[in-house]
Structures are given as C-alpha cells and as structure tokens.
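the following comprises the amino acid sequence and a computationally predicted model.
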Amino acid sequence: MKTFQDEILLTEIFSRFVDLYPEHVVFVDPETLSIVYLNEKAKEFFGDNPDLSVFFQQEEYVNLLSLIQNCHKAEEKRVITFKRFDGKKGILLFNLYPLVNNGYRVVVFIFSDITEKIKNKEEKRRRNAQLIIQDKFKSLDLVTSSISHEIDNICNFMANNLRIVLQVWNDVIKLIKEYEKESGEFVLGGIISSEIDKVIPRLMMSLIEGIHRISDKIYDFKKYIKEGFISQVSLVDINEIVKRVINVLNYHISMYTDKFNVQLGESLPKIRVNVQKLEQVIVNLLTNAMQSLPDKKRAIHIFTGTEGDRVYLEIRDEGIGIPKKLMPHIFEPFFSTKGSSGLGLYLSKSIIEEFDGEITINSEENKGTSVKIHFPPGH
Ligand SMILES: Nc1ncnc2c1ncn2[C@@H]1O[C@H](COP(=O)(O)OP(=O)(O)O)[C@@H](O)[C@H]1O
Ligand SMILES: [Mg+2]
C-alpha cells in the first residue's frame, strides 16, 4: 500500500487540492512574469489562457507585477480593481505568497471576487441611512404636528382678539375725533391725533397679516415634513420646488449670507421626481453651500434652466471650496469634514440617480463650489 511519503502521490494530491481549492489560485513566475499554473476556479474566471493585462487598469497592473516580482514573504491582503466582462468595475481581494523549492521561485496569487459583497454592503449602508432619515422624519412629523397645532391655536386666538380690538378702536376713534374737535390736536403715545385714525388701523392690519404669515409658514413646514413619507413620483415644475424650499429655509439662509441670488429659468419642461425627495436634495445642497461660507458677504446663487432637453438646477457658493484630494470621497456615506452625518451628498446622489438624473460638482479651494444636477424631461 502506498503512503503519503510517496512523493508522486503527494504531488498529485496537492495539485488536486489546489484545483479544488474554493478560491482562485494562479502561480506566476516572478522572473518572466508568465503564468505557470491556474486552478479550476481561476480558469473559470480568466479563461484557460489569459492575458492578465486586459483585466486590469494599466497602472494597477504594473503595480501588481512589481508586487509579484518583489514578493519574498507572504504579503498582507490587498485589493485591486478589474474590468468585468460587462464593462463595469469589479474588486478583487488578493494575497501573494512566495514558494521556493530547489532554487526555483514561484509566486502564488490567490484572490476572491468581492464586488458583490462590497455592493451588498454599500446597499445595506444605503438602506440603513435611508431608514435613519425616514425615522427622523417620523419623529419630526410628530413634533411639528403638535407644535404647529399649538401655534395655530395661538394665531387664531391672537387674530380673534385683534378683530375685537379693531372693533373697539372703530368706536374709540369717534370719541377721539369729537375730543379733537372741541380741544384741538393732541398727542397720543407719540402719535398726533389727526393722524391716529390712519396709523392705528395700519398697525393692527400688519399684526393680522403677521399672524397669517406665521400660519402659512407653519402650513408649508408641516407639508414639507408630511411629504417625507410619501414616495409618489409625479411630473413637477422644478422652480416650484426650489421656491418652496427657499420659503422654508429663508430665515436660515439670511443668517449665513446677505447675497442670496435666485434666477429661475422660464417655462422649463416638467421633470418626473418624488417631490419630497427632491426637496431633500435641495435642502442638503443648500445646507452645504451655507455651511461653506466664511462670512455673510459671500454669495449663494441658485439657477435653473435647460441644457439641450435636460433641466438643470445649479447651487453655487463662494465658500471655502473642497480640496482636490478630498473630491474622490465626498460622495461616500459618512464622509464629513464637519463632524456631521456625512450623508448629505451620498443620499442626494442616490436620489438623483433614482430619477435618472446626474450630479456634478466643481470646486476650487477658497473660491467656491458649484453643484449642478441635470434631469431628463419627464413624460
Ligand atoms: N458646498 C460645499 N463647499 C465646501 N465643501 C463641501 C460642500 N459640499 C460638500 N462639501 C464637503 O463634502 C463633505 C460631505 O458633504 P455631505 O455629504 O453633505 O456631509 P456633511 O455636510 O454632513 O459633512 C462635507 O463635509 C464637506 O467637506
Ligand atoms: Mg451636508
């Protein structure tokens, strides 16, 4: 009976093992950089006689070859991107091990395709982020509902009282006019009696108008929060959405800049989006623009218009800008230089892409940033 000491049998067993090994294994000669052996999984992946240079980006391929050439001890795990058959980018996680035997050196390149894993992880993170936002909206809705209910009550109460005061005033003014006729002009609270019949009603009307404006603002705000749950897609005028967001954020904007400039294009084609989600995008982008401004003299511009048949919205700020080296990261979830959520751009991009739109950011450090989104015309 043969034993494991039998060298030929051992070699056979090891080569079977390598073939059945569940990861992709490639043996490379580090001197000539040619492939010495591929296991079954690697053949499935690359084909029988692969030219590795077509799988990788030039720069990464050169890097990989140099790692193989200089591999004298087991390397730590690394990743490399590759071009998939569908043209999309994939990601490999790989190890390199040198094997030396009788002066003959071979480098073992073991890898697994983690593209799907990464994608799933990303998707999970995205879903989690969406859930966090949804949850925030839910609790916000509860709070705003009860606050706006309170404020509505107070507004009604004030409006009713003012109406009574106005009625009383209509009688009081008669007495004042009579008194004035008998005793001549006099001053009441710094206002001359001959003017007072015009001044007081004007003051009261402005109070009533103020109360109505509070009510309207609360109504807008409540609507904005409510729509946080509704996920309907409809044909909308982007200008209407921009105006509504500005209306809600008006005060906030005035805290950050004295130069807020809005130029809305005329008769734009409607776009097909979920109103609330687009509002969320505009709020995110405007918030970033506001937060980037070092002082109130720096401007924020908003433009809408068309380019070809696409509708665009641009939010441009004269803020601190984004350093070039950070640009590749700004769309990553949880990436923030401000210690905040880091979800703004990430969620905005995924929302815009959900509606077949596109987002591009141009920025110059210390000059400012322009964020432009394009949407196809809705049908
Ligand atoms: N208009 C802007 N001006 C300067 N930096 C910006 C601007 N918009 C985004 N950034 C940069 O991109 C990062 C990510 O933005 P975002 O996803 O909205 O997250 P957050 O605002 O929570 O930090 C910001 O932390 C900031 O560094
Ligand atoms: Mg942000």
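Nice, I can see it. Ligands and ions are numbered 1, 2, ... in the order given.

for the rest of this, base every contact and every neighbour count on C-alpha atoms.
OK.

OK, contacts around residue 221?
Residues near residue 221 by CA atoms under 8 Å, 6 or more residues apart in numbering: residue 248.

any idea how far residue 280 is from it?
13 Å (CA to CA, to the nearest Å).

give the full set of residues in contact with the residue in the chain positioned nearest to ligand 2.
Taking CA to the ion as the measure, the chain has residue 344 as its residue closest to ligand 2, at 4.2 Å. Shown in contact with residue 344 (CA under 8 Å, 6+ apart): 281, 284-285.

now with 7 Å, please.
The contact partners of residue 344, by CA atoms under 7 Å, 6 or more residues apart in numbering, come to residue 284.

I'd like to know how many residues surround residue 54.
Residue 54: 11 surrounding residues under other CA atoms under 10 Å.

same check, this time on the one 4 residues further on
Residue crowding around residue 58 was assessed by other CA under 10 Å; the count is 11.

tell me how far it lies from residue 84.
Per CA to CA, residue 58 is found 15 Å from residue 84.

go on, residue 215?
Counting by CA to CA, the separation of residue 215 from residue 84 is 57 Å.

more neighbours: which of those two?
For residue 215 versus residue 84, neighbours defined as other CA under 10 Å are more numerous around residue 215 (20 against 13).

any idea which helix or strand carries the more buried one?
Using DSSP states H and E, residue 215 sits within helix 196-226.

from the chain's centroid, how far away is that helix?
35 Å (CA atoms, centre = their mean, to the nearest Å).

equivalent analysis for stretch 280-289, please.
8 Å.

just stretch 259-279 next, same as before
Counting by CA atoms, centre = their mean, stretch 259-279 comes out at 17 Å from the chain centroid.

kindly report the same for stretch 356-367.
12 Å.

and stretch 72-92, by the same measure?
The chain centre lies 28 Å from the centre of stretch 72-92; the measure is CA atoms, centre = their mean.

just checking, what packs against the longest strand along the chain?
Counting residues, the longest strand found in the chain (DSSP state E) is strand 89-101. When contacts are defined as 3 or more CA pairs under 7 Å, 6 or more residues apart in numbering; DSSP states H and E, strand 89-101 packs onto strand 78-83, strand 104-113.

out of these, which gets nearest to ligand 1?
Of all these, strand 78-83 sits nearest to ligand 1, with 24.4 Å by CA to the nearest ligand atom.

buried stuff in the closest one?
By neighbour count with 16 or more other CA atoms under 10 Å, strand 78-83 contains the buried residues 80-82.

would you reformat those as TSV and include distance to residue 62 and pLDDT?
Formatted as TSV, the buried residues of strand 78-83 follow (distance: CA to CA, whole Å; pLDDT from 0 to 100):
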residue	distance to residue 62	pLDDT
80	11	91
81	13	88
82	13	89
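
assign residue 362 to helix, strand or coil.
When classified by DSSP: H, G, I helix; E, B strand; the rest coil, residue 362 comes out as strand.

now it: closest residue in space that isn't a chain neighbour?
In this structure, residue 362 finds its nearest non-sequential neighbour in residue 370, 5.2 Å apart by CA to CA, 6 or more residues apart in numbering.

quick one: that neighbour is in a strand?
Yes - secondary structure of residue 370 (three-state DSSP): part of a strand.

show me what the longest strand of the chain pairs with in its sheet, parallel or antiparallel.
Strand pairing for strand 89-101, using DSSP bridges, gives strand 78-83 (antiparallel), strand 104-113 (antiparallel).

which of those comes out lowest on mean pLDDT?
Of all these, mean pLDDT reaches its minimum on strand 78-83 (a mean of 89).

ok, and what's touching that one?
Strand 78-83 is contacted from outside by 55-57, 89-95, using CA under 7 Å, 6+ apart.

tell me which other helices or strands the host helix or strand of residue 173 touches.
Assigned by DSSP H and E, residue 173 falls within helix 115-183. Packing contacts for helix 115-183, counted by 3+ CA pairs under 7 Å, 6+ apart, involve helix 196-226.

show the average pLDDT along the helix it packs on.
Helix 196-226 shows a mean pLDDT of 85 in the predicted model.

noted, bye for now.
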